[in-house]
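K.L.:
With the input below, show me the fold.
(one chain, ligands or ions: 1)
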Amino acid sequence: MLYPIENKSRAVMKLDGLWKFKIDDGSASSEHWETGFPDDAEELYVPASYNDQREDQKYRNHTGEAYYEKTFTVPGFFKGQRIFLRFDAVAHDSTVWLNGTVIMSHRGGFLPFEKDITGLITPGEEIRITVSCNNRVDHHTLPMGNEDGTAFFGSDNAQVPAVQMAKEHRGIVNLPNFDFFNYAGINRHVSVYTTPMEYIKDVTIVPELDGKDGVVHYSVEISSKEKANCHDSNIKVEVLDRGGSVVTGGTGAEGTLRIENARLWNPWPEDPYLYRLKVTFGDDEYTEEFGIRTVEVSGTKFLINGKPFYFKGFGKHEDFYISGRGINEGLNVKDISLLHWIGANSFRTSHYPYAEEMYRLCDREGIVIIDETPAVGIAGGGVVDPYTFPIKDYHKSILRDLVERDKNHPSVIMWSMGNEPDTENFPESAYDYWHELYEYTHELDPQNRPVTFVCCQNDYTRDIVTRTMDVVCINRYYGWYNLSGDLDSAIYAWNKELDFWEEQQKPVMVTEYGCDTLPGLHGTVAEMWTEEFQAEYYRRIDAEFDKRDFFMGEQCWAFADFGTIQGVYRADGNRKGVFTRERRPKMAAHFLKGRWEKIPNFGYKNN
Ligand code: GCB
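P.N.:
Sure thing, here's the model as predicted:
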């Protein structure tokens, strides 16, 4: 699905602003809120999560359905154009009505969905859209929640009601099996956009290198019923350089273009050079930025443009005060600027696909992304085989939609199919599940990027699937959740494990390691929760990574403190950020800056 852009043939009208909002007290369907919203509805800002916008426990801890309504007019001069209504993301499951008639439903909170509403509206006349969203998480959802009657797992993020109170005495409870606040609502932009009646539906770009030349394989999907054939001269493509000059071009729905002496896309601080593919079809025009860069795994190396890359960076969250998980482009700019400041080159979109604006920014700023699905929490506490839960087909559909959305971004260099599933207690089930998805993802991606998932701290000798991924990505908390505060033992455990991974002859990186740190808490001795401990933790563990040539990256957990479920392990959120939630550096940030500024993107290890 193409990102909506404005140009001479297309308009985008964002429906940002105040929307009517009301939590469903059980009467929404009998009272038909889609035909008329209750008078006591309040107003909330869209796009943003609803949870923290009003001082009310029922907003913060709501579980179930909530409704939004917006009345607006599509300008009369949109007449004659095709008109789409697009939601960039609504968390989690949603239904949309237009003037009281249901027009679409969507499952999942992190990917876009849209509807061609051309025949359903009259431009110039007021229309009303109603949106319901449901934030319930359970065994059918990704991210996954716990359900009554199953083992109660999770430690820090565990909640009490399931074990403390009999079911009949409590209301609906939501039991996320993940450690981030289950922010909900219309979290990303809603827009009405136009195209000409016959339009460009999709563009796929696959770059390759041939000596000094860039070779660009492209394909264009158009709206016409009859599929355009390769020589359809109605489809024109041009490659533009940064200055707007045409460097090459052609015609047809598919083809290969050659850019002589191409400028490559390389991660910051090198040159993340972008070309643009301008596609013209009839009255329509669409321009997609792309980079000439290749990515592949070879032995224990992760190669970008044929050179061994070392990942320096973080796992992140989309999370901020008030707006919750709502898109915040100012914050994105700040975060990328902090990544540059600290000398990082990458992050993982833990634990869900981020807003498209972030990927577009990273393309331009040269930040490398491991793109993750919302498959977090696929675990049954060692008691239940989570692979018996009904999610595989749904998980596949998410992979399909994710790859379709993000396939052209040069910044995206690897797919993460999920975070910390059970791979230890039901190893064969885990293998069957993840291998099917692994192969499926490879088939989906026109650029055939490396595919992985992120493995949790476990008995890695029992896990038979992590070692078969293109890159072994491990989350480890030696020195924090186990061997707490004892960095000598943590180093011993790390080395024992690294010896094991060395034998697997795979590229290995750490995608999470870290410790909760309260800014302003200091000690002359580095003890847990102090800023000194966090700095020491990274200093000591990183020194071990440097001794291993097969080890190709370090991503700290986490970039910044973030909101999560209250609990005995969490003081005002998860505090493992190297930056605070308001983006001030903790002491460890200065250590990492000193370290990472000395580590080059390429050729750091002799592998
Ligand atoms: C993990 C999870 C991450 C948590 C983190 C923690 O392993 O992947 O979502 O926030 O640990 O801080 O416990």
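K.L.:
how far out from the middle of the chain is the helix or strand hosting residue 438?
P.N.:
Assigned by DSSP states H and E, residue 438 belongs to helix 427-444. Centroid displacement of helix 427-444 relative to its chain, using CA atoms, centre = their mean, to the nearest Å, is 20 Å.
K.L.:
Quick one: list the elements packing against the helix or strand just after it.
P.N.:
Going down the chain from helix 427-444, the next helix or strand is strand 451-455, by DSSP H and E. Applying 3 or more CB pairs under 8 Å, 6 or more residues apart in numbering; DSSP states H and E, one finds that strand 451-455 contacts strand 412-419, helix 427-444, strand 472-475. C-beta: built from backbone N, CA, C; applies to glycine.
K.L.:
Take the helix holding residue 438, keep the C-alpha atoms, and write them as CSV.
P.N.:
The C-alpha coordinates for helix 427-444 follow below in CSV (Å, rounded to 0.1, in the frame of the first residue of the first chain):
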residue,chain,number,x,y,z
PRO,A,427,11.2,-26.5,20.9
GLU,A,428,9.8,-28.6,18.1
SER,A,429,6.5,-26.6,18.0
ALA,A,430,8.6,-23.4,18.0
TYR,A,431,10.7,-24.7,15.1
ASP,A,432,7.7,-25.6,13.0
TYR,A,433,6.0,-22.4,13.6
TRP,A,434,8.9,-20.0,13.0
HIS,A,435,10.4,-21.9,10.1
GLU,A,436,7.2,-21.7,8.1
LEU,A,437,7.1,-18.0,8.8
TYR,A,438,10.7,-17.5,8.0
GLU,A,439,10.3,-19.1,4.6
TYR,A,440,7.2,-17.1,4.0
THR,A,441,8.9,-13.8,4.8
HIS,A,442,11.7,-14.6,2.4
GLU,A,443,9.2,-15.3,-0.3
LEU,A,444,7.3,-12.1,0.4
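K.L.:
just to revisit the earlier point, can you redo the helices and strands packed on strand 451-455 as a markdown table, where the extra columns are distance to residue 405 and mean neighbour count?
P.N.:
Shown next, in a markdown table, are the helices and strands packed on strand 451-455 (distance: least, CB to CB, whole Å; neighbours: other CB atoms under 10 Å):
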| stretch | distance to residue 405 | mean neighbour count |
| --- | --- | --- |
| strand 412-419 | 10 | 25 |
| helix 427-444 | 11 | 18 |
| strand 472-475 | 22 | 23 |
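K.L.:
got those as CSV, with distance to the ligand and mean pLDDT columns?
P.N.:
Output for the helices and strands packed on strand 451-455, formatted as CSV (distance: least, CB to the nearest ligand atom, whole Å; pLDDT from 0 to 100):
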stretch, distance to the ligand, mean pLDDT
strand 412-419, 5, 98
helix 427-444, 16, 98
strand 472-475, 5, 98
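K.L.:
okay, the ones you listed in a markdown table with distance to residue 598 next?
P.N.:
What follows is those, written out as a markdown table (distance: least, CB to CB, whole Å):
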| stretch | distance to residue 598 |
| --- | --- |
| strand 412-419 | 23 |
| helix 427-444 | 35 |
| strand 472-475 | 24 |
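K.L.:
quick one: which of the ones you listed is nearest residue 116?
P.N.:
helix 427-444 (24.2 Å; CB to CB).
K.L.:
Report all helices and strands that that closest one contacts.
P.N.:
helix 392-406, strand 412-419, strand 451-455.
K.L.:
Could you identify which of these is most buried?
P.N.:
strand 451-455 (a mean of 26; mean count of other CB atoms under 10 Å).
K.L.:
hmm, it in reach of the ligand?
P.N.:
No: counting by CB under 6 Å from any ligand atom, the ligand has no neighbours in strand 451-455; the shortest distance is 7.1 Å.
K.L.:
Direction included, what does that strand pair against?
P.N.:
strand 412-419 (parallel), strand 472-475 (parallel) (DSSP bridges).
K.L.:
Could the C-alpha coordinates of the longest one be exported in PDB?
P.N.:
Once side chains and other backbone atoms are set aside, the C-alpha atoms of strand 412-419 remain, and they are given as PDB (Å, rounded to 0.1, in the frame of the first residue of the first chain):
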ATOM      1  CA  VAL A 412      14.900  -1.400   6.400                       C
ATOM      2  CA  ILE A 413      17.700  -4.100   6.400                       C
ATOM      3  CA  MET A 414      16.200  -7.000   8.200                       C
ATOM      4  CA  TRP A 415      12.700  -8.300   9.200                       C
ATOM      5  CA  SER A 416      12.100  -9.400  12.800                       C
ATOM      6  CA  MET A 417       9.100 -11.700  12.800                       C
ATOM      7  CA  GLY A 418       8.600 -11.300  16.500                       C
ATOM      8  CA  ASN A 419      10.000 -10.800  20.000                       C
END
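K.L.:
List the contacts of it.
P.N.:
142, 295, 304, 348-351, 359, 368-373, 375-376, 378, 395, 399, 402-403, 406, 434, 437-438, 441, 445, 449-454, 456, 470-471, 473, 475, 511 (CB atoms under 8 Å, 6 or more residues apart in numbering).
K.L.:
mind running it again at 7 Å?
P.N.:
With contact meaning CB atoms under 7 Å, 6 or more residues apart in numbering, strand 412-419 is reached by 295, 304, 348, 350-351, 359, 368-373, 375-376, 378, 399, 406, 434, 437-438, 441, 445, 449-454, 471, 473.
K.L.:
How is this protein partitioned into domains?
P.N.:
Annotated domains of the chain cover 12-143+178-194, 198-293, 296-596 [automatic domain parsing].
K.L.:
re earlier: quick one, the helix holding residue 438 and strand 451-455 angle?
P.N.:
Going by axes from the mean of the first three to the mean of the last three CA atoms, to 10 degrees, helix 427-444 is angled at 150 degrees with respect to strand 451-455.
K.L.:
what's near enough to touch residue 239?
P.N.:
Neighbours of residue 239 in contact, by CB under 7 Å, 6+ apart: 216, 247, 248, 249, 257, 259, 275, 277.
K.L.:
Please list the residues of the protein that sit near the ligand.
P.N.:
156, 179, 351, 419, 420, 456, 475, 512, 557, 574, 576.
K.L.:
What's the local residue count around the third one?
P.N.:
In this case it means residue 351. By the other CB atoms under 10 Å criterion, the neighbourhood of residue 351 contains 25 residues.
K.L.:
And the residue lying closest to it once chain neighbours are set aside, its phi and psi?
P.N.:
Among residues not flanking residue 351 along the chain, residue 376 sits closest, at 4.0 Å (CB to CB, 6 or more residues apart in numbering). When read as degrees, to the nearest 10, the backbone of residue 376 gives phi -120, psi 140.
K.L.:
Please give the number of neighbouring residues around residue 376.
P.N.:
Around residue 376 there are 23 other residues, counting by other CB under 10 Å.
K.L.:
from memory it sits against residue 137, does it?
P.N.:
No: between residue 376 and residue 137 there is no contact under CB atoms under 7 Å: 10.1 Å.
K.L.:
Report the set of residues contacting both of these two.
P.N.:
By CB under 7 Å, 6+ apart, the residues touching both residue 376 and residue 137 are 143, 144.
K.L.:
Now do the contacts for residue 557.
P.N.:
315, 512, 513, 514, 576.
K.L.:
what residues are up against the third one?
P.N.:
Listed by CB under 7 Å, 6+ apart, the contact partners of residue 513 are 476, 477, 541, 556, 557.
K.L.:
Going by neighbour count, list what's buried in stretch 110-121.
P.N.:
By 16 or more other CB atoms under 10 Å, the buried positions in stretch 110-121 come out as 110, 111, 112, 113, 114, 115, 117, 118, 121.
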